[in-house]
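Q: Sequence first, then the predicted structure:
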Amino acid sequence: MVRTPDPGRSTVARGLAEVDGPRVDDDTGAVRPVRQVLWTGFYELLGRYTRRRGADFAVMNFGYDDGRALVDAAEVERYPLQLYARAVEGVAVEGRRVADVSCGRGGGLSWVHAHRRPSVAQGLDQAPVNVALSSERFARPGLSFQAGSATAMPLPDRSVDVLLSVEASHCYGELGSFLAEAARVLADDGVLVWADFEKVGVSEARRALAARHFEARDEVDIGAHVLRALEADRARRQALVRDYTAPLFWRALDHFAGGSAEADTYRRFAERRSLYFLRHLRRPRRGAHGA
């Protein structure tokens, strides 16, 4: 069934219909709740395949580069780690309870734990292979990993002070369910650090959706710095694809990793068809009834 836009609805209302709820997804053609299952399966297969072939990488995002040395320049995965460093900039992390939802292979949260010194850090990921890889490589006192979905986190109410979601929410089935769940697990005045890319035209609707549960502290479009990181990190990304995967997969994985100037993921940022926002959202204090 084709949906005809209602001209009487506001731009925000129409946008919310696109961003929230079980709708057909423009990218995959799948109903949105199915999207999360598809992405989980993809990451599970990717993790198993690259693990078997000996690929050594611990952070999966497009990276960040604004000219500053936010992490040690000797770090092989410097640019993806810098996205984590920039994401938590200005957020009180030391001595706080931190969780990273959709933590991937755990390298970003491990860096936060080592350099920003939270009291405890927990990584959640829905792909079992990512939980295993993260635990084997990074688990230590104060840093742990477990299986968990962004829309049903295995965490108690008010148990987190800082919740990270770094380049992951585009994989979630229903964004509204994720934001409601984030509000549940965050303590009063807790902060959701939300970094991800999005199509041009949905930002206003996403702000309205977040406003149901959070107060905006700040928001910045970091797309130019993500693009710069992809360019600076291109040789490493291409080497990972070509050294550890079969030629059959090179084109698709170049697209996934933004590993070439021809990759659509790279061109989307270069042509400003996609934006990349970093948002810090505060969980307001609950009322007498915990709302």
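A: On my side now, so go ahead. Since the structure is predicted, the reported quantities are computational estimates derived from the model, not experimental observations.
Q: Contacts only, for the residue nearest to Y266 when sequence neighbours are not counted.
A: Closest residue in space to Y266, ignoring its immediate chain neighbours: G258 at 4.7 Å, by Cβ to Cβ, 6 or more residues apart in numbering. Where C-beta positions appear, they are placed from N, C-alpha and C, glycine not excepted. The contact partners of G258, by Cβ atoms under 8 Å, 6 or more residues apart in numbering, come to F62, L230, R237, T265, Y266, F269.
Q: Poorly predicted segments of this structure, please.
A: 1-36, 288-291 (pLDDT under 70).
Q: can you give me the strands for the stretch 1-150 of the chain?
A: In the stretch 1-150 of the chain, the strands defined using DSSP state E, counting those that start in this stretch lie at 97-101, 120-125, 143-147.
Q: closest one to A183 among these?
A: Taking Cβ to Cβ, strand 97-101 is the member of these nearest to A183, at 12.8 Å.
Q: between the closest one and strand 120-125, how big is the angle?
A: 10 degrees (axes from the mean of the first three to the mean of the last three Cα atoms, to 10 degrees).
Q: Partner strands of strand 97-101, with direction?
A: strand 120-125 (parallel), strand 160-166 (parallel) (DSSP bridges).
Q: Can you lay out these as TSV showing distance to G223 and mean neighbour count?
A: What follows is the strands paired with strand 97-101, written out as TSV (distance: least, Cβ to Cβ, whole Å; neighbours: other Cβ atoms under 10 Å):
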stretch	distance to G223	mean neighbour count
strand 120-125	25	26
strand 160-166	15	26
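Q: which stretch among those comes nearest G47?
A: strand 120-125 (9.5 Å).
Q: if we look at that closest one, which residues are touching it?
A: Contacts of strand 120-125 (Cβ under 8 Å, 6+ apart): 43, 97-104, 106, 109, 112-113, 131, 134, 142-150, 153-155, 160.
Q: swap the cut-off to 7 Å and go again
A: 97-104, 106, 109, 112-113, 131, 134, 142-148, 153 (Cβ atoms under 7 Å, 6 or more residues apart in numbering).
Q: now stretch 143-152
A: 101-103, 106, 110, 113, 121-126, 128, 131, 134-135, 139, 154, 168, 172-174, 177-178, 181.
Q: Which of those residues fall in helices?
A: S110, H113, P128, V131, S134, S135, S177, F178, E181 (DSSP state H).
Q: The stretch 151-291 of the chain: strands as residue ranges?
A: Using DSSP E, counting those that start in this stretch, strands in the stretch 151-291 of the chain cover 160-166, 186-199, 215-221, 274-282.
Q: Tell me which other helices or strands the second one touches.
A: Looking back up the chat, that one is strand 186-199. helix 78-87, strand 160-166, strand 274-282 (3 or more Cβ pairs under 7 Å, 6 or more residues apart in numbering; DSSP states H and E).
Q: make it 6 Å
A: Secondary-structure packing of strand 186-199 (3 or more Cβ pairs under 6 Å, 6 or more residues apart in numbering; DSSP states H and E): strand 160-166, strand 274-282.
Q: and these as a markdown table, adding distance to R86?
A: Shown next, in a markdown table, are these (distance: least, Cβ to Cβ, whole Å):
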| stretch | distance to R86 |
| --- | --- |
| strand 160-166 | 10 |
| strand 274-282 | 7 |
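Q: Much appreciated, bye for now.
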